[in-house]
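Asks: I'd like to go over a predicted model; first the sequence, then the structure.
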Amino acid sequence: MPTNSHAPFSPTPTQVRRWRQYLANERAEAAVYRDLASRRRGEEREILLGLAEAEARHEAHWVNLLGNHVGKPRRGDSRTLFLGVLARRFGSVFVLALAQRSEGRSPYDADPDATSTMAADERIHGEVVRGLATRGRNRLSGTFRAAVFGANDGLVSNLSLILGVGASGVATNIILLTGLAGLLAGALSMAAGEYVSVQSQRELLEASTADPEMRNALPHLDIDANELALLYRSRGMSPDGAQAHAAEVLKGNQRPELDAEALEPDQHEAVGTGLAAARSSFCFFASGAIIPVLPYLFGMDGIAAVIVSAGLVGVTLLGTGAIVGLLSGASPVKRGLRQIMIGFGAAAATYLLGLVLGTVGA
């Protein structure tokens, strides 16, 4: 940006338009962070308000450059406005994931009218938002994973089953019966597998939990032998740390409840009940598996039923893929198309196999 100590700088019309858009975007982004902060408490609220204040500093930069050319307030770009709508309606991890992508595409690195500090700020903002989004992803990762994978399994497996059986030339009622049987068998299999998985994990964690009766043995331990140190070493402490910690416990300087925490194994995720996991898996799989069956339930047959079934599955796969993309901070369109390609690839392979088997059987 040219400067002259004897004459005021006059921006070009192109610069004015660009700066006004930057100003509008900064104001819109600050509003998004304030809206998100209004739905948070504690540390997350403070972080979001800090981001809003940072956007206000950037806003001041463009106001200063524009001077008398600020003009009437403009609307932010469509992406920022969309973020604002989502923030006001939901305030969820989806908004943070979108904001992460938005911050990562800042034009300030390549714009000479933006300071290097502003460009650096935007990079840091992207990482801050990534951290907040990661917290949200971690909170819903288990449920979300079960929902997406369960529904996708139902969609792809039952579409493949229906197309494969249909390609062999059997009657429509056989296709419908096959689809319903596939729904029930798959949902029950998913539920049983999830139940066994969760129950096994709970049993493993219970087996690793310290015996509460161990505390009763503390007063009777030989202080000189101090086998308690071996216990702490078996839990991952260093030899010196275990010896020092055991000495504190035996002297009575360590409270029992704190000592119990030191004995607990590291649990990285909360484990639900087996029955709850089984019910969720059954419902998620069934909700996906019913979609390719719908045309046949409503009396359709032949190629029309195949087209409608594949279309419904394609739209659903596109939606689930887009949701995965939003949550991961990636392109929703690319993730949606990837889901469609994988799902239809599996269905096409089964359909071709059905054609071959139908021809051989004939």
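Replies: Structure received.
Asks: who touches Thr316 in this structure?
Replies: Thr316 is in contact with Ala151, Leu155, Gly288, Ile291, counting by C-beta atoms under 8 Å, 6 or more residues apart in numbering. Where C-beta positions appear, they are placed from N, C-alpha and C, glycine not excepted.
Asks: let's see it at 10 Å
Replies: Ala151, Asn152, Gly154, Leu155, Leu159, Ser287, Gly288, Ile291, Pro292, Gln339, Ile340, Gly343 (C-beta atoms under 10 Å, 6 or more residues apart in numbering).
Asks: can you give me the helices for this structure?
Replies: With helices called from DSSP state H, the chain shows them at 13-37, 43-66, 78-89, 93-104, 116-167, 172-208, 228-234, 239-251, 256-263, 274-289, 294-297, 302-328, 332-361.
Asks: do you know how far Ile323 is from Ile124?
Replies: Plainly put, Ile323 is 28 Å away from Ile124 if you go by C-beta to C-beta, to the nearest Å.
Asks: picking that back up, select, out of the helices of the chain, the one closest to Lys72.
Replies: Nearest of the helices of the chain to Lys72, taken as C-beta to C-beta: helix 13-37 at 9.2 Å.
Asks: can you tell me what sits against stretch 179-187?
Replies: Outside stretch 179-187, the residues that touch it by C-beta under 10 Å, 6+ apart are 150, 153-154, 157-162, 165-166, 278, 281-297, 309.
Asks: rewinding a little: out of Ile323 and Ile124, which sits in the busier spot?
Replies: Between Ile323 and Ile124, counting by other C-beta atoms under 10 Å, Ile323 is the more crowded of the two (19 against 12).
Asks: leaving out chain neighbours, which residue sits closest to the more buried one?
Replies: Distances taken as C-beta to C-beta, 6 or more residues apart in numbering put Val148 closest to Ile323, at 7.2 Å, once the chain neighbours are dropped.
Asks: quick one, what contacts the one you found?
Replies: Applying C-beta under 10 Å, 6+ apart, we find Val148 in contact with Phe284, Gly288, Thr320, Gly321, Ile323, Val324, Leu327, Gln339.
Asks: neighbours around Ala37, how many?
Replies: Neighbour tally, Ala37, other C-beta under 10 Å: 20.
Asks: ok, now Ala304?
Replies: Ala304, neighbours per other C-beta under 10 Å, totals 10.
Asks: my guess is it contacts Pro295. True?
Replies: Yes - the pair Ala304 / Pro295 is scored as a contact, 7.5 Å apart, by C-beta atoms under 10 Å.
Asks: buried subset of the contacts of stretch 179-187?
Replies: 150, 153-154, 157-162, 165-166, 278, 281-293, 295-296, 309 (16 or more other C-beta atoms under 10 Å).
Asks: okay, and the helix or strand of this structure with the least pLDDT?
Replies: Within the chain, confidence by mean pLDDT, DSSP states H and E is lowest for helix 256-263 among all helices and strands, at a mean of 41.
Asks: list the contacts of Leu51.
Replies: 29-30, 32-34, 36-37, 99, 103, 121, 124-125, 128-129, 132.
Asks: how far away is Val333 from Ile340?
Replies: For Val333, the distance to Ile340 equals 11 Å [C-beta to C-beta].
Asks: I misspoke; the intended subject was Ala242.
Replies: Remark: distance between Ala242 and Ile340 (C-beta to C-beta) = 55 Å.
Asks: and those two? Which one has more around it.
Replies: Using other C-beta under 10 Å as the criterion, Ala242 and Ile340 rank with Ala242 on top: 21 against 17.
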